[in-house]
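**Q** below are the sequence and a predicted model; questions follow.
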Amino acid sequence: MEPTDRDELLRLLRDLGAQLAWQRDAGLGEVPRGVDAAPSSSVEPTVEALPPSQHLPPPETTVAASPVVEPPASVVPEDRPRPREGVPTRAEAPAVVAPTPVAPPRSLPVLVPPPRDLETRRGRLEVVAADVRACEACKLALKRTQTVFARGNPDARLCFIGEGPGADEDRLGEPFVGAAGQLLDKIIAAMRLGVDDVYIANIVKCRPPNNRVPDAEEMRACTPFLLRQLDEVKPAVIVALGKTAASFLLDSKAPMGQLRGRWHTWNGVPVMPTWHPSYVLRVRDNPNSTARAEVWNDMKLVLVRLGLPVPGARG
């Protein structure tokens, strides 16, 4: 049965509707923005009949996703600087993190006390001297004229410690001012030093009768004052003049011939024992005595220990 004109017209309209739908889906029928579309009409347009062979179905187009093609690594646009070898690009560069502000450390307590000035040291030593003047702990206080504390510079690096005051010291109130003291001053001068470069004190602060050696009880009563003196002066080197001073500082009963000329220590302070000036005076007329030369040799060791020049030494 051959198709009628009505059937042909219906098929044609279906094909046209499909064609219009394909154009709409493809975006071919959109009206640009800003341009008024033609007013629609309620009257259907007249479609001219076409031969059946010219009614083609809308092409089935499949739009494939275009692959993203990266340019070769060697191709760099002229307006973009080439990255240097070993230097990360902006995308690879690590992010810069701002440093976290650190609070300043709290101040620490001062562990080492500041050095005491000379006036403070003199004041503390005057307190010790006042305690000596008031002392009556042993029988030496009964016959003394006055106590004998010290002379010299309390800020000195070199300290001389003798045995005890004699008659001249008891009368004047200063140590080593008699004949033995005059010899000691000559020794200090030969070292190219002065009174302001040394500090001089004794084991006991009161004169023993007839200049005898102080006994154990007298030394126990008086040596705490000496320890307080040394604690304030803090000498770099101590010279022990004679056996009484050397035995107390070194806690040794060895004879002076074995102690002198060698370094010892007292509470970490270097100690050089040597002959007492009074002994040197007693043996000075002995032609076989070497005491004066031995004392000078000991003093040269003291100068070297203090880092001072030795008079008469060849450079």
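**A** Alright, I've got the coordinates.

**Q** tell me where the chain is predicted with low confidence.
**A** Low-confidence segments of the chain, defined by pLDDT under 70: 1-5, 18-116, 314-315.

**Q** residue ranges for the helices of it, please.
**A** Per DSSP state H, the chain carries helices over the ranges 5-25, 118-133, 167-172, 179-190, 216-233, 243-250, 256-259, 277-282, 291-306.

**Q** mind listing what's buried along the third one?
**A** Across helix 167-172, burial judged by 16 or more other CB atoms under 10 Å covers Asp168, Glu169, Asp170, Leu172. For the C-beta atoms, the positions are set from N, CA and C on the backbone; glycine is no exception.

**Q** how about the residue nearest to Asp168 when sequence neighbours are not counted, what does it touch?
**A** Closest residue to Asp168 in three dimensions, ignoring its sequence neighbours and counting by CB to CB, 6 or more residues apart in numbering: Gly178, at 3.5 Å. Neighbouring residues of Gly178 by CB atoms under 8 Å, 6 or more residues apart in numbering: Gly166, Ala167, Asp168, Glu169.

**Q** so what's Leu184 up against?
**A** Neighbouring residues of Leu184 by CB under 8 Å, 6+ apart: Phe160, Phe176, Ile200, Leu241, Pro277.

**Q** about what we covered before: so which of the buried residues of helix 167-172 is the closest to Gly257?
**A** Closest approach to Gly257 among the buried residues of helix 167-172 (CB to CB): Glu169, at 26.8 Å.

**Q** can I assume the closest one is in contact with Pro175?
**A** Yes. Glu169 sits in contact with Pro175 when judged by CB atoms under 8 Å, with a separation of 5.5 Å.

**Q** so what sits against both of those two?
**A** What both Glu169 and Pro175 touch, as defined by CB under 8 Å, 6+ apart, is the set Val148, Gly181.

**Q** take the helices of the chain and lay them out in TSV including distance to Ala141.
**A** Formatted as TSV, the helices of the chain follow (distance: least, CB to CB, whole Å):
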stretch	distance to Ala141
helix 5-25	130
helix 118-133	10
helix 167-172	12
helix 179-190	23
helix 216-233	9
helix 243-250	19
helix 256-259	29
helix 277-282	23
helix 291-306	33
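
**Q** just the ones you listed: most buried one?
**A** Greatest average neighbour count among these goes to helix 243-250 (a mean of 21), per mean count of other CB atoms under 10 Å.

**Q** quick one: list the elements packing against that one.
**A** strand 158-162, strand 237-241, helix 256-259, strand 264-266, strand 269-274 (3 or more CB pairs under 8 Å, 6 or more residues apart in numbering; DSSP states H and E).

**Q** between the ones you listed, which one is closest to Val283.
**A** helix 256-259 (12.3 Å).

**Q** quick one: contacts of that closest one?
**A** Helix 256-259 is contacted from outside by Gly242, Lys243, Ala246, Leu250, Ser252, Pro273, Trp275, using CB under 8 Å, 6+ apart.

**Q** and stretch 170-177, by the same measure?
**A** Stretch 170-177 has contacts (CB under 8 Å, 6+ apart) with 144-151, 160, 162, 165, 168-169, 181, 184-185, 200-202, 206-207, 277.
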